[in-house]
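> let's see this in three dimensions:
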Amino acid sequence: MTDDGTTTAAAKGTLGYEQARDELIEVVRRLEAGGTTLEESLALWERGEELAKVCRHWLEGARARLDAALARPEESSEAGGAPE
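Residues are numbered from 1 along each chain as shown. Here you go, the predicted model:
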């Protein structure tokens, strides 16, 4: 991954939440099991960090959509659109 985040940005566009989550679970399982070299462990850790960012991106997007959906009824009722 580069410092400017291009790898993460590319991964966000290609990985869905469930795919990133499942791969992250596998990375964590492999790290917890041990038996990998230091270099392999570092590579797994870096991949895990990248996958966590992808998941966070999806969850933040979902939160924004929920917040927007929850705000709509308030706006319409304040404008007199829907009776209480």
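> gap between the residue sitting nearest the centre point of the chain and residue 66?
With distances taken as C-alpha atoms, centre = their mean, the residue of the chain nearest its centroid is residue 55 (1.4 Å). Going from residue 55 to residue 66 by C-beta to C-beta, to the nearest Å gives 16 Å. In this view, the C-beta of every residue, glycine as well, is placed from N, C-alpha and C.
> so what's the residue count around residue 56?
When neighbours are defined as other C-beta atoms under 10 Å, residue 56 has 13 of them.
> okay, and it sits in which element?
If you go by DSSP states H and E, residue 56 is part of helix 38-78.
> which secondary structure elements does that helix sit against?
Counting by 3 or more C-beta pairs under 8 Å, 6 or more residues apart in numbering; DSSP states H and E, the packing neighbours recorded for helix 38-78 are helix 6-14, helix 17-33.
> any stretches of this protein with poor pLDDT?
1-13, 74-84 (pLDDT under 70).
> what does residue 36 show for phi and psi?
Torsion angles at residue 36 (phi, psi; degrees, to the nearest 10) stand at phi -110, psi 160.
> who's in contact with it?
Contacts for residue 36 (C-beta atoms under 8 Å, 6 or more residues apart in numbering) come out as 30, 44.
> with residue 48 instead?
By C-beta under 8 Å, 6+ apart, the contact set of residue 48 is 24, 27, 28, 31.
> burial measure for the second one, as a count.
Around residue 27 there are 20 other residues, counting by other C-beta under 10 Å.
> could you report the separation of it from residue 59?
Taking C-beta to C-beta, one finds residue 27 at 18 Å from residue 59.
> before we move on, what about the third one?
Taking C-beta to C-beta as the criterion, residue 28 is separated from residue 59 by 17 Å.
> equivalent analysis for the first one, please.
When distance is defined by C-beta to C-beta, residue 24 is 12 Å away from residue 59.
> out of the two, which sits in the busier spot?
Ranked by neighbour count (other C-beta under 10 Å), residue 24 and residue 59 place residue 24 first, with 18 against 12.
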